[in-house]
Structure formats: structure tokens, C-alpha cells
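**Student:** For reference, the sequence and a predicted model appear below.
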Amino acid sequence: MFKVYKKKIFNIVVTLLSVFWLVIIAGCGSDVKNEQLSWTINVQECQVKDKLEVVDDVRQYDGSIAKVPHSNAPATGNVFLLVKLEAKKNIAGNHPLQWQAVVLQDSKGNSYNRVQDVFLTDYKYDRLSATDLKLDSNGWVCFEIPTESVKDGMKLVYTDGDRKNVMIVKP
């Protein structure tokens with residue numbers, strides 16, 4: 001009879017210890033996930049443009065096709081820096097990529113935010129949505145920067161809490 005109780009007590013102790021270790025291990029795993037960035041952003045391609053131009057074919061009322069040029073230019077002394085990005089979500093849950101956390105910095109430390117670049121689609125660029133991203137995405141974004149900043153080198157910085165992802169931008 002004593003052997004039966006001894007075996008039951010042993011099984012209870014082993015079960016409690018197993019539960020204790022599972023709780024400890026599960027707690028450690030969640031801390032590891034929180035240490036990584038919510039998103040990984042990769043620069044795939046860059047282009048510097050002093051003007052974007054396109055000629056569209058527009059059908060007229062009489063059925064003919066008219067060639068209609070249009071363009072978009074930055075302010076005097078500036079250029080457009082077009083950057084093709086790939087954004088990948090690293091953790092589950094509601095952690096959107098917010099565009100105010102992504103800035104372009106020049107070698108002097110000046111920061112530039114993404115411009116309202118809806119016009120990119122007019123010039124045949126697959127534009128990356130400007131709303132908070134919730135799923136993996138890729139596409140083009142636009143920054144308007146001083147011409148001399150291109151020569152000195154730039155970096156794209158994504159800030160996630162107290163951590164940063166810094167990517168060199170080479171046009």
C-alpha cells in the first residue's frame with residue numbers, strides 16, 4: 001500500500017515540476033520574440049529623378065488617339081529619390097508598419113519623410129501603400145530631398161521602439 005502512495009506522490013511531483021518548467025520556458029520564448037523588430041524592411045532598388053515624365057494615349061471623342069504629356073517635378077534644388085522597398089512582418093498580432101517610423105537620413109543627419117506619392121502610379125511605378133501596413137508588401141516610395149544629399153550618401157531608418165533597422169541607400 002505504501003508503494004502505491006509513493007508512486008502517486010512521485011507522479012504528482014513530476015507533473016508539477018513539468019508544468020513549472022513549461023511555464024518558465026514559455027515565458028522565455030515570449031521575451032525572445034519581443035526583442036526582434038516587428039518588421040524587416042529591405043531596400044531593393046533606388047532611382048534619383050529630377051523630373052518624372054510620361055506620355056499617355058488619350059482617346060478623343062472622334063475616336064482618334066492624342067498623345068498627352070505630363071510631368072511632376074520636385075521643388076527647385078531638390079530631386080525625387082524613389083526607393084523600392086520590401087516590408088516583411090516578423091511577429092504575429094496587430095503590429096502595423098507605420099510610415100512615421102520610417103525616415104530617410106542624409107550624411108548630415110537631416111531627416112526626410114515620405115512624400116504624398118500617389119502620383120507614382122501615373123508614371124508606371126508600383127506604389128507601396130501609404131497607409132499602415134498589416135501584411136508583407138513591396139513597392140515604390142518617394143522622398144523629396146536636396147540634390148546635394150544624394151552625393152553624400154543616405155540611409156533609410158526604421159525605428160521600432162528602442163530598436164532600429166538601418167539600410168544604406170545607394171542610388
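**Tutor:** The structure has been received and is ready for your questions.
**Student:** Can you name the next helix or strand after the helix-or-strand element of the chain with minimal mean pLDDT?
**Tutor:** Lowest on mean pLDDT, DSSP states H and E among the helices and strands of the chain sits helix 2-35, with a mean of 46. Remark: after helix 2-35, the chain's next helix or strand is strand 39-49, criterion DSSP states H and E.
**Student:** beta partners of D56?
**Tutor:** V68 (DSSP bridges).
**Student:** ok, it - contacts?
**Tutor:** Counting by C-beta atoms under 8 Å, 6 or more residues apart in numbering, D56 makes contact with K67, V68, P69, H70. Yep, even glycine has a C-beta here, placed from its N, CA and C like the rest.
**Student:** can you pick the most crowded of these?
**Tutor:** Within the contacts of D56, H70 tops the neighbour count with 12 neighbours, counted by other C-beta atoms under 10 Å.
**Student:** secondary structure element for that residue?
**Tutor:** strand 65-72.
**Student:** three-state assignment of T121?
**Tutor:** helix (DSSP: H, G, I helix; E, B strand; the rest coil).
**Student:** how about it, what does it touch?
**Tutor:** R127.
**Student:** Kindly recompute the last result at 10 Å.
**Tutor:** Counting by C-beta atoms under 10 Å, 6 or more residues apart in numbering, T121 makes contact with R127, G139, W140.
**Student:** Count the residues that sit near A75.
**Tutor:** Neighbours of A75 using other C-beta under 10 Å come to 8.
**Student:** any idea how far V102 is from it?
**Tutor:** Distance of A75 to V102, given as C-beta to C-beta, to the nearest Å: 21 Å.
**Student:** Then E45?
**Tutor:** Taking C-beta to C-beta, one finds E45 at 16 Å from V102.
**Student:** returning to that earlier point: so which of the contacts of T121 belong to strands?
**Tutor:** Here DSSP state E is the test, and the contacts of T121 give G139, W140 as lying in strands.
**Student:** Throw the contacts of T121 into JSON lines and include distance to L52, thanks.
**Tutor:** Below are these laid out as JSON lines (distance: C-beta to C-beta, whole Å):
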{"residue": "R127", "distance to L52": "12"}
{"residue": "G139", "distance to L52": "16"}
{"residue": "W140", "distance to L52": "11"}
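**Student:** looking at the contacts of T121, which has the most residues close by?
**Tutor:** Most surrounded of the contacts of T121: other C-beta under 10 Å gives W140, at 21 neighbours.
**Student:** wait, isn't that residue in contact with F119?
**Tutor:** No: counting by C-beta atoms under 10 Å, W140 does not reach F119; the two are 11.0 Å apart.
**Student:** what touches both of these two?
**Tutor:** Y125, R127.
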